[in-house]
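Trainee: could you look at this predicted model? Sequence included:
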Amino acid sequence: MIALKSTKEHRLHRLYGAHTSIAGGFVRAVERAVACRFTAAQIFVKNNKQWMAPAPVAVEEAKAFRDAQAKEDLFVCGHSGYLINLGSGDPEMIAKSIASLTAELERAELLGLPFVVHHPGSPGKDGEEVGLERITARMKEILKATKKAKVRVALECTAGQGGQLGWRLEHLRELMSRIAVPERLGVCLDTAHLFAAGYDLRTRADYDKTMKEIESVIGAERVLCFHLNDSKVPFASRKDRHENLGEGEIGLDAFKWLVTDPRWKKVPMILETPKGEEMAEDVENWAKLLPFMK
Ligand SMILES: [Zn+2]
Ligand SMILES: [Zn+2]
């Protein structure tokens, strides 16, 4: 693996890292991120392909994780499981989705995560308005069931594939306004999803226009996280295929602008590009950007 030359200055000024495996336990995720010299990580709070974890997080394990994270000064956020769909019209799917996200937020709270990134959901062919209503009602229920918790839900923008809502920034604004629990909500912006949804980033003018739109529709203060992914699929294709930075349709420039943009100085930037468990590819992706992050 190539060594990442992250300097003290990088560590002081920017939160950067990658989605990180929890195989072997939550503390292992901290170790993996630190071994890459990252300052941030994103984790699943359980196996992301299961509805429910087989057992709750042990109090000692959560404490060990929080201690390791604090000691290493590592920022860690969560990402919800892929089975959950709060936009579904199927009663069984709805019940499972609500139970699963509720349990994930409880786990995240115990782990001390500030937010869990979550895809809003797909109403299938039932249409945008029905979808927004369903997701609003179910998010309200979930936030009520976890009302003692501080952990937020960061609604992620999507590529719009498979009827997924959230491909328009207005969907995210509308959901935050209807759910109306601002202290528990925010937004995560994924560059590959923005691009595939029709928000261009390729030229400086495109980038500035998209950033202005984010500021006016969402508000910079609501942006809790960026996902840094290049796109295997063309502009406005409404498909979700991640690629290594600079090797896809977006190109490296957009990422250089993002990681040096003073607007996002405090916002964690997380890779979700193809990789193995020990993240050599993530280190290579960040090595393309760190020289510009002075
Ligand atoms: Zn993402
Ligand atoms: Zn994606």
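Mentor: Now that the structure is in, tell me what you want to look at. Ligands and ions are numbered 1, 2, ... in the order given.
Trainee: ok, now which ones touch the most centrally placed residue in the chain?
Mentor: Nearest residue to the geometric centre of the chain (CA atoms, centre = their mean): Val117, 4.3 Å. Listed by CB atoms under 8 Å, 6 or more residues apart in numbering, the contact partners of Val117 are 42, 77-80, 154, 156, 188, 225, 227. Yep, even glycine has a C-beta here, placed from its N, CA and C like the rest.
Trainee: what's the answer for Asn285, then?
Mentor: Applying CB under 8 Å, 6+ apart, we find Asn285 in contact with 18, 228, 244-245, 271, 273.
Trainee: give me the distance between it and Met279.
Mentor: The gap separating Asn285 from Met279 is 10 Å, by CB to CB, to the nearest Å.
Trainee: shared neighbours, these two?
Mentor: Common neighbours of Asn285 and Met279 (CB under 8 Å, 6+ apart) are Ala18.
Trainee: run through the bridge partners of the residue of the stretch 1-150 of the chain found nearest ligand 1.
Mentor: Residue nearest to ligand 1 within the stretch 1-150 of the chain: Val117 (6.8 Å; CB to the ion). For Val117, the beta-bridge partners under DSSP bridges are His79, Ala154.
Trainee: and Ala18, by the same measure?
Mentor: Ala41, Leu271.
Trainee: report the contact partners of it.
Mentor: 33, 36, 38, 41-42, 270-273, 275, 279, 282, 285-286.
Trainee: now Gly112: closest residue in space, sequence neighbours ignored.
Mentor: Nearest non-adjacent residue to Gly112, counting by CB to CB, 6 or more residues apart in numbering: Arg66, 4.7 Å away.
Trainee: run the chain-centre distance for the strand or helix carrying the one you found.
Mentor: Using DSSP states H and E, Arg66 sits within helix 59-72. Offset of helix 59-72 from its chain centre (CA atoms, centre = their mean, to the nearest Å): 21 Å.
Trainee: same question for stretch 144-160.
Mentor: The mean C-alpha position of stretch 144-160 is separated from the chain mean by 11 Å, CA atoms, centre = their mean.
Trainee: and for stretch 119-126?
Mentor: Distance, centroid of stretch 119-126 to centroid of chain: 18 Å (CA atoms, centre = their mean).
Trainee: if you count neighbours, what's buried in it?
Mentor: For stretch 119-126, burial by neighbour count (16 or more other CB atoms under 10 Å) applies to 119-123.
Trainee: most widely separated two among those residues?
Mentor: Comparing every pair within the buried residues of stretch 119-126 by CB to CB identifies His119 and Pro123 as the most remote, at 12.8 Å.
Trainee: ok, and the closest non-adjacent residue to the residue of the stretch 51-200 of the chain found nearest ligand 1?
Mentor: Nearest residue of the stretch 51-200 of the chain to ligand 1: Asp190, at 3.6 Å (CB to the ion). Spatial nearest neighbour of Asp190, chain neighbours left out: His227 (3.7 Å); criterion: CB to CB, 6+ apart.
Trainee: what average pLDDT does the helix or strand harbouring the one you found get?
Mentor: Assigned by DSSP H and E, His227 belongs to strand 223-228. The pLDDT scores in strand 223-228 average 98.
Trainee: check whether that strand contacts ligand 1.
Mentor: Yes: for strand 223-228 and ligand 1, the contact criterion (CB under 5 Å from the ion) is met by His227.
Trainee: partner strands of whichever helix or strand comes after that strand, with direction?
Mentor: Per DSSP H and E, the first helix or strand lying C-terminal to strand 223-228 is strand 230-231. Neighbouring strands of strand 230-231 in its sheet, by DSSP bridges, are strand 242-243 (antiparallel).
Trainee: how about the host helix or strand of Thr102: buried residues?
Mentor: Assigned by DSSP H and E, Thr102 belongs to helix 91-111. Counting neighbours by 16+ other CB under 10 Å, one finds that the buried residues in helix 91-111 are 93-94, 96-98, 100-111.
Trainee: so which bits of the stretch 151-294 of the chain are right by ligand 1?
Mentor: Going by CB under 5 Å from the ion, the residues of the stretch 151-294 of the chain near ligand 1 are 190, 227, 272.
Trainee: contact partners for the last one?
Mentor: Taking CB under 8 Å, 6+ apart, we find Glu272 in contact with 18-19, 42, 190, 227-229, 242.
Trainee: how close does it sit to Val153?
Mentor: Relative to Val153, Glu272 is positioned 18 Å away (CB to CB).
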